[in-house]
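Trainee: fold the following.
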Amino acid sequence: IPGELIESELFGHEKGSFTSAIKQRIGKFEQANGGTLFLDEIGDMSLNAQAKVLRALQEGKITRVGADRDISVDVRVIAATNKDLLKEVEEKNFRLDLYHRLGVIIINVPSLNERRDDVPALVDYFLEMIASEYGQSKKNIDRDALEALKIHNWTGNIRELRNVVERLIILSGKTISLQDVESYVLPK
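Mentor: Predicted coordinates:
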């Protein structure tokens, strides 16, 4: 979300607070009141928005864009990023106080390339899920095709794997073969 819009998205805005604000809008923090809010790629958030997120977490208060009164919120935040936040703190791109506020429990999820043994289970899950989405029966994948997927360089991690499985479902026959993987996945 562009920096100008993140505050409106997270904290809401009042009617007329900016050109396209034709009506009042409740932000994600208010919507999540009493529950959990997931903030993806928090390492990309502007310092100004970080300060407001920190205030919401520390004081339990937000202010809609264009408003002059605070709104109390009780929200648990789960945040994710692909950046090294301590490095971002050193480079003055991320607030240390917000890092500590969010860092109650830190879970490091290794890249798919660091856990290749997970590929078969994930492929099976995606084969089932995507077949269900398309209203068709689950396709099989032969052992050689699965081995080729295990050794592929997954720079896009799980998202890339999901898209690859969907591509293979669409373009292959009843059983996904090594030839399908070589044709539709591996770089030429």
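
Trainee: how about the strands in the protein?
Mentor: With DSSP state E as the criterion, the chain has strands at 36-39, 61-62, 71-72, 76-79, 140-141, 175-176.

Trainee: residues in contact with the residue nearest to the spatial centre of the chain?
Mentor: By C-alpha atoms, centre = their mean, the chain has its centre lying nearest to residue 40, at 4.4 Å. By C-beta atoms under 8 Å, 6 or more residues apart in numbering, the contact list for residue 40 reads 79, 80. Heads up, the C-betas are built off the backbone N, CA and C, glycines and all.

Trainee: go with 7 Å
Mentor: The contact partners of residue 40, by C-beta atoms under 7 Å, 6 or more residues apart in numbering, come to residue 80.

Trainee: residue 37 contacts residue 29, correct?
Mentor: Yes - taking contacts as C-beta atoms under 7 Å, residue 37 lies within contact range of residue 29: 6.4 Å.

Trainee: the two: which has the busier surroundings?
Mentor: It is residue 29, of residue 37 and residue 29, that has more neighbours when counted by other C-beta atoms under 10 Å, with 25 against 19.

Trainee: tell me the spacing between the spatially closest residue to residue 148 that is not a sequence neighbour and residue 165.
Mentor: In this structure, residue 148 finds its nearest non-sequential neighbour in residue 181, 4.5 Å apart by C-beta to C-beta, 6 or more residues apart in numbering. Going from residue 181 to residue 165 by C-beta to C-beta, to the nearest Å gives 10 Å.

Trainee: do the same with residue 88
Mentor: Distance, residue 88 to residue 165, by C-beta to C-beta: 32 Å.

Trainee: of the two, which one has the most company?
Mentor: residue 165 (24 against 18).

Trainee: ok, for that one, nearest residue in space, not its chain neighbours?
Mentor: Of all residues not flanking residue 165 in the chain, residue 126 sits nearest, at 4.0 Å (C-beta to C-beta, 6+ apart).

Trainee: OK, contacts around that neighbour?
Mentor: Counting by C-beta under 7 Å, 6+ apart, residue 126 touches 161, 162, 165.

Trainee: what's near enough to touch the second one?
Mentor: So the one you mean is residue 162. If you count contacts by C-beta under 7 Å, 6+ apart, then residue 162 has residue 126 around it.

Trainee: pull the number of nearby residues for the nearest residue to residue 146 once chain neighbours are set aside.
Mentor: Of all residues not flanking residue 146 in the chain, residue 120 sits nearest, at 5.6 Å (C-beta to C-beta, 6+ apart). Neighbours of residue 120 under the rule other C-beta under 10 Å: 15.
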